[in-house]
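Student: Have a look; sequence and predicted model below, questions after that.
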Amino acid sequence: MKTKIHTTKKLEKLVKKLISEDKNAADGILGKWNATVFFVDRKKCWLITNGLTKYNVILTDINASELSNIGRIFKDALFGQLIYDGILIDFRDLDSIIGELDLLPTDNDRSTTGFQNHNLESLEWWKIEFGSLENMPIKGLTNRLNTSPIHIGKGRKMSDYTDSIKEIKRILTE
């Protein structure tokens with residue numbers, strides 16, 4: 001199983017060597033993810049968002065030397081965030097669900113990109129509030145992003161509104 005992560009143009013420039021062109025691989029049960037880069041104290045951080053559930057994971061202080069282990073870094077961060085958000089899952093199960101990472105060029109998913117840009121605005125406020133990256137409670141801030149109300153569905157009913165934690169929990173427990 002492979003997990004597709006579509007990168008923004010900005011992130012794609014930073015990880016050129018890891019970008020794959022194999023878009024034909026099937027999506028896993030979590031579907032595709034989108035990743036973008038942002039900076040805190042001149043340190044590269046990644047915001048990775050699931051396309052189906054809008055669940056967010058933040059990877060902090062990613063150096064070029066760590067890019068070869070980005071799959072392990074992502075899985076560890078996702079597992080830690082799921083536990084923090086109250087979703088109990090065995091790491092081996094998560095590892096089999098995620099499989100290998102496949103970094104791809106942008107897919108121009110405007111919905112997810114707009115959602116990420118909104119979350120980056122929130123992170124800008126929190127950068128001012130907390131100052132340095134070391135003072136930022138990353139899992140707590142990501143939890144704030146994941147508990148924000150989101151709209152899933154086509155209608156305008158209140159039942160179409162949920163949050164990312166409920167949605168990813170629903171998929172992982174099915």
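Tutor: Yep, it's here. Every value quoted in this text rests on a predicted model; they were computed, and no experiment measured them.

Student: Contacts for the worst-scoring helix or strand of the chain on mean pLDDT, please.
Tutor: Counting by mean pLDDT, DSSP states H and E, the chain has its least confident helix or strand at strand 149-151, which shows a mean of 82. With contacts defined as C-beta atoms under 8 Å, 6 or more residues apart in numbering, strand 149-151 is touched by Lys54, Phe115, Asp160, Tyr161, Thr162, Asp163, Ser164, Glu167. Quick note: C-beta positions are derived from backbone N, CA and C, even for glycine.

Student: same thing but at 6 Å, please
Tutor: Residues from elsewhere that reach strand 149-151 (C-beta atoms under 6 Å, 6 or more residues apart in numbering): Lys54, Asp160, Tyr161.

Student: Counting neighbours, which bits of it end up buried?
Tutor: Within strand 149-151, the residues scored as buried using 16 or more other C-beta atoms under 10 Å are Ile150.

Student: Just checking the distance from that strand to the centre of its chain.
Tutor: On the basis of C-alpha atoms, centre = their mean, to the nearest Å, strand 149-151 sits 16 Å off its chain's mean C-alpha point.

Student: and what of stretch 142-159?
Tutor: The answer for stretch 142-159 is 16 Å, by C-alpha atoms, centre = their mean.

Student: same deal with stretch 63-83?
Tutor: That offset, for stretch 63-83, works out to 11 Å (C-alpha atoms, centre = their mean).

Student: what does stretch 138-155 give?
Tutor: So, by C-alpha atoms, centre = their mean, the centroid of stretch 138-155 is 12 Å from its chain's centroid.

Student: quick one: contacts for the residue minimising distance to the centre of the chain?
Tutor: Central residue of the chain (C-alpha atoms, centre = their mean): Ile48, 2.2 Å from the mean position. For Ile48, the contacting residues are Trp33, Ala35, Val57, by C-beta under 6 Å, 6+ apart.

Student: Sort out which of the residues you listed are buried, if you could.
Tutor: Neighbour-count burial (16+ other C-beta under 10 Å) is assigned, among these, to Trp33, Ala35, Val57.

Student: Nearest to Arg156 among these?
Tutor: Trp33 (27.2 Å; C-beta to C-beta).

Student: so where does the residue nearest to that closest one when sequence neighbours are not counted fall, helix or strand?
Tutor: The shortest distance from Trp33 to any residue other than its chain neighbours is 4.5 Å, reached at Ile5 (C-beta to C-beta, 6 or more residues apart in numbering). Secondary-structure assignment from DSSP states H and E places Ile5 in strand 2-7.

Student: Would you check how far apart Leu101 and Glu134 are?
Tutor: 27 Å (C-beta to C-beta, to the nearest Å).

Student: neighbour count winner among the two?
Tutor: When neighbours are counted by other C-beta atoms under 10 Å, Leu101 and Glu134 differ, and Leu101 comes out ahead with 21 against 11.
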